[in-house]
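1. model the following, please.
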Amino acid sequence: MLVALDTMRILKLVALATAIFAAFGVASVWIFTAPYRALNDWNRGVITRLEAAKPHPPPGATMEQWDAILGWTQTAFPNVFYTPDYIVDETRFRLFQTELTQRLDTSVDLQTVDWIWNEFRVLSKHGNYYANGFRPIEPYGEIHLDESGNPHNNVSVRFPSNAIPNSDEP
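-> Prediction:
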């Protein structure tokens, strides 16, 4: 009888220790991934806001051009701001988020898109490279798309192998 009580007590302690370790593990993962989840949520919010601007092309852009310009810009956000580690200046990034919200609250035009791509260049480790390959408009709002809506005509869009740590590209 005494052995059975000790066995039960040991099993309860093992179950309690397992539950504590599991809770600690889940909490650690949740805390560690919080900045990644916040950045992902913000990226999705910006993409949604840009999608809402697609039916309203600015003067100087056709509906097809505007769709391509905003499409490339939407695609850029999760690529340029893939992880919090890609952001080179956290303070400036917070100011960018605030100003972007204000600009998206008013009206999205070619100057807004031009400003976004200029900010990509300085806010992200890979922003300059990404903008060189995928920017759909030239500085000052000149549309830079080929007939298929592709902004990177005659530009190599592969990252150099030394640009991304542990890259397996040749």
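
2. hey, let's count contacts and neighbours off CA atoms from now on
-> Fine.

3. which stretches of the protein form helices?
-> Chain-ordered helices for the chain, with DSSP state H as the definition, fall at 2-53, 63-80, 90-106, 110-123, 127-134.

4. OK, contacts around the residue nearest the centre of the chain?
-> With distances taken as C-alpha atoms, centre = their mean, residue 78 lies nearest the centre of the chain, 2.6 Å away. Applying C-alpha atoms under 8 Å, 6 or more residues apart in numbering to residue 78 gives the contacts 40, 43.

5. and if you look at the one 10 residues further on?
-> Applying C-alpha under 8 Å, 6+ apart, we find residue 88 in contact with 122, 123, 124, 125.

6. closest one of these to residue 40?
-> residue 124 (14.9 Å; C-alpha to C-alpha).

7. ok, the closest one touching residue 83?
-> No. The pair residue 124 / residue 83 is not scored as a contact, 9.8 Å apart, by C-alpha atoms under 8 Å.

8. comparing these two, which shows the higher neighbour count?
-> residue 124 (24 against 15; other C-alpha atoms under 10 Å).

9. and for the more buried one, nearest residue in space, chain neighbours not counted?
-> In space, residue 124 comes closest to residue 87 once its chain neighbours are excluded; the distance is 4.6 Å by C-alpha to C-alpha, 6 or more residues apart in numbering.

10. between the contacts of residue 88, identify the one with the most neighbours.
-> Highest neighbour count within the contacts of residue 88, by other C-alpha under 10 Å: residue 124, with 24 neighbours.

11. who are the contact partners of it?
-> By C-alpha under 8 Å, 6+ apart, the contact list for residue 124 reads 80, 81, 86, 87, 88.

12. neighbours of residue 68, how many?
-> For residue 68, the neighbour count with other C-alpha under 10 Å is 19.

13. pLDDT below threshold where in the chain?
-> 1-3, 139-142, 144, 147-170 (pLDDT under 70).

14. same thing but 90
-> Applying pLDDT under 90 to the chain picks out residues 1-35, 37-39, 42, 59-62, 64-65, 106-107, 129, 132-170.
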